[in-house]
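Peer 1: Could you work out the structure for the sequence below:
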Amino acid sequence: MILTIFFLKKFSIIAKNNNILLCLEPMSKKYGNFFLNNPIEVLKFIEKIKENNLKLLLDTGNLKTEKMNFKKICSKHKNKIQHIQLSNGNLNQIDMNFIKKSIIFLKRINYKKTVSIEYLSNKGKKLDQQKIFVKKI
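Peer 2: Alright, predicted model coming up:
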């Protein structure tokens, strides 16, 4: 852990000197990872690094897998989140209703940073539905 903190601190300083923000994304245990599995662990790790250009990438698919509440985490830690990735726990499924509700929620809490949708398309079959949704927002 100490070596990881040392490495990431050095990396953060190099990035900061070049006006770059770094984002750490928690990786679920379901992928065989046992380090920084959820956003709270990542936020505690970021606090140890003590560099203001190191932020959280909040993945809603990870939150679902780890059984954590998106709205609570997002509201409480909004200033430490640089990017939000909207996804399901299963990347082959897309829940347009969840995405729409999430974007409305992010507008309500005045989240002004970046958002993406993570989805593995099945040969583009659902892309038309996504295009229609984006036009409505």
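
Peer 1: Just the helices from this structure, written as ranges.
Peer 2: Counting by DSSP state H, the chain has helices at residues 2-17, 39-49, 60-65, 70-77, 96-108, 127-136.

Peer 1: which one of those has the most crowded surroundings?
Peer 2: Counting by mean count of other Cβ atoms under 10 Å, helix 60-65 has the highest mean neighbour count of the helices of the chain, with a mean of 21. Just so you know, the C-beta spots here come from the backbone N, C-alpha and C atoms, and that holds for glycine as well.

Peer 1: least reliable of the helices of the chain going by mean pLDDT?
Peer 2: Lowest mean pLDDT of the helices of the chain: helix 127-136, a mean of 49.

Peer 1: Tell me the confidence at Lys126?
Peer 2: So Lys126 comes in at 53 (pLDDT).

Peer 1: Also Tyr119?
Peer 2: 81.

Peer 1: Same check on the one 3 residues further on?
Peer 2: Note on Asn122: pLDDT of 67.

Peer 1: For the residue nearest to the spatial centre of the chain, name its beta-bridge partners.
Peer 2: For the chain, Leu58 is the residue whose C-alpha lies nearest the centre (Cα atoms, centre = their mean; 2.1 Å). Beta-bridge partners recorded for Leu58 (DSSP bridges): Ile84.

Peer 1: My read is that it contacts Ile40, right?
Peer 2: No: look at Leu58 against Ile40 with Cβ atoms under 8 Å: they stay out of range, at 11.1 Å.

Peer 1: anything in contact with each of these two?
Peer 2: By Cβ atoms under 8 Å, 6 or more residues apart in numbering, Leu58 and Ile40 have these common neighbours: Ile73.

Peer 1: That concludes my questions; thank you for your assistance.
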